[in-house]
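K.L.:
Next come a sequence and a model predicted from it.
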Amino acid sequence: MNLLRLLLLLAFAGGAYHWWHKHQIAQVEREVMSDASDTGFVPMQRPMNTPTGAVLIFAPPNCPSATAQRARALARGLEDLGIPHVVLDEASFDIDGSDPALMARFRSVMEGKGPPVFVRNRAKAAPTMDEVLAEYRSGRRR
């Protein structure tokens, strides 16, 4: 009978931990999105050694994936409009890993559905051309 009580206690403790962990993740995600612009771009430090005036688009080189195709289409659209942009396949970041909200923003952008795109000091995973243009143009008016 003691073994059954122990198993029930462990099951309850595991369920409580699982609920608490999901609650914490949801709270961090709410904080991340509270900082988002109207277009869904969130504040994020740009990669090191990248041009400040250019839109940054991350895409794997010579890749036939849907993400890479979206990145190339976005780059072509920006090129057609004369908007400075750079397509990157890797970058270095100097991010404080002890800040959970900052790390959640970083993961939501860099590990989300791609491609990740940076406009000034804001970033979003898989933005549409309209969202990139709105974000880019909103910065010029400020």
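P.N.:
That came through, no problem.

K.L.:
after the helix or strand of the chain with the lowest mean pLDDT, next one along is what?
P.N.:
Every helix and strand in the chain was compared by mean pLDDT, DSSP states H and E; the lowest is helix 2-34, with a mean of 66. The helix or strand immediately downstream of helix 2-34 is strand 42-43, counting by DSSP states H and E.

K.L.:
For V117, which residues are in contact?
P.N.:
V117 makes contacts with 55-58, 74, 123-127, 132, as judged by CB atoms under 8 Å, 6 or more residues apart in numbering. Backbone N, C-alpha and C define where each C-beta goes, glycine included.

K.L.:
Which secondary structure state does it sit in?
P.N.:
Put simply, V117 is strand when judged by DSSP: H, G, I helix; E, B strand; the rest coil.

K.L.:
And G14, how far from N2?
P.N.:
Distance from G14 to N2, counting by CB to CB, to the nearest Å: 19 Å.

K.L.:
now do T39
P.N.:
In terms of CB to CB, T39 sits 58 Å off from N2.

K.L.:
same deal with G40?
P.N.:
G40 is 53 Å from N2, by CB to CB.

K.L.:
Among the two, which residue is more densely surrounded?
P.N.:
G40 (16 against 6; other CB atoms under 10 Å).
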